[in-house]
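This is a predicted model, with the sequence first.
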Amino acid sequence: MKKYLMALAWVTVANASVLAADLMDSKNLYIGGNLGTVVSWGKLSDCGDDSNCLQGKVLLGYKLSDNVSVEGAYHQLLDVEYSDGTTLKTTGVSLSAVASMPVAQDIDAFGRLGILSGRNVAGYASGGDVSSERTDLLWGLGAQYKMNDNLSLRGEYENLQSNSDSQDIGTVSAGITFSSF
């Protein structure tokens, strides 16, 4: 019986290795990143007294077909400091489906729909932090220009649609994706 279990385990590991190698050799796997700015944050008109609204994300994606992808990303949404010494940091991880369609030669329009699990940390000048975590709807629209088979430039608008109107975050960013493993 042990011989059969060992043989089954060996076959399973071998098949998983072949599948993993197949994924890594595929041009369907891609990495990328975006840098941009927060353009809206609930009812507030700015992101802090220093108006530093820089945000970014790093992503890993997989093309399921020519027009559908799945992307996972780590987001740095807010990192602001107010004149009273209060700080606010918002980070998160997301998973989204991305649907695209060609609009011109080498240019695709795309939309995304997914979820973002985020964490807010507020720091006070007097000491101490208060944090909260939440999972919300993420949607976005954008365009992507294929520079060649491996490299694309993209611009997009993303919105974290929270349960409370005062907590929505909208971002505009530009980025790059690379696919050649």
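Received it, and whenever you're ready, just let me know what you need. Numbers count the residues shown, from 1 in each chain.

Without its sequence neighbours, what residue ends up closest to the spatially most central residue of the chain?
Geometric centre of the chain, nearest residue: residue 73, 3.1 Å, by C-alpha atoms, centre = their mean. Once flanking residues are discounted, residue 73 sits nearest to residue 59: 4.0 Å by C-beta to C-beta, 6 or more residues apart in numbering. In this view, the C-beta of every residue, glycine as well, is placed from N, C-alpha and C.

tell me what the strand or helix carrying the one you found is packed against?
Element membership of residue 59, judged by DSSP states H and E, is strand 54-63. In terms of contacts (3 or more C-beta pairs under 8 Å, 6 or more residues apart in numbering; DSSP states H and E), strand 54-63 is packed against strand 29-41, strand 68-81, strand 169-178.

Rebuild those strands as TSV, extending it with distance to residue 95 and mean pLDDT.
Shown next, in TSV, are those (distance: least, C-beta to C-beta, whole Å; pLDDT from 0 to 100):
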stretch	distance to residue 95	mean pLDDT
strand 29-41	15	88
strand 68-81	5	90
strand 169-178	17	92
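
Can I get these in a markdown table including distance to residue 107?
Listed next are the helices and strands packed on strand 54-63 as a markdown table, based on distance: least, C-beta to C-beta, whole Å:
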| stretch | distance to residue 107 |
| --- | --- |
| strand 29-41 | 17 |
| strand 68-81 | 16 |
| strand 169-178 | 14 |
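
and the residue lying closest to residue 70 once chain neighbours are set aside, what does it touch?
Leaving aside its sequence neighbours, residue 70 sits nearest to residue 62 (C-beta to C-beta, 6+ apart; 5.4 Å). Applying C-beta atoms under 8 Å, 6 or more residues apart in numbering, we find residue 62 in contact with 23, 28-30, 69-71.

Could you report the pLDDT at residue 62?
As predicted, residue 62 sits at a pLDDT of 95.

what's the distance between it and residue 151?
Separation of residue 62 from residue 151 (C-beta to C-beta, to the nearest Å) stands at 17 Å.

Now stretch 66-83: buried residues?
For stretch 66-83, burial by neighbour count (16 or more other C-beta atoms under 10 Å) applies to 69, 71, 73, 75, 77-81.
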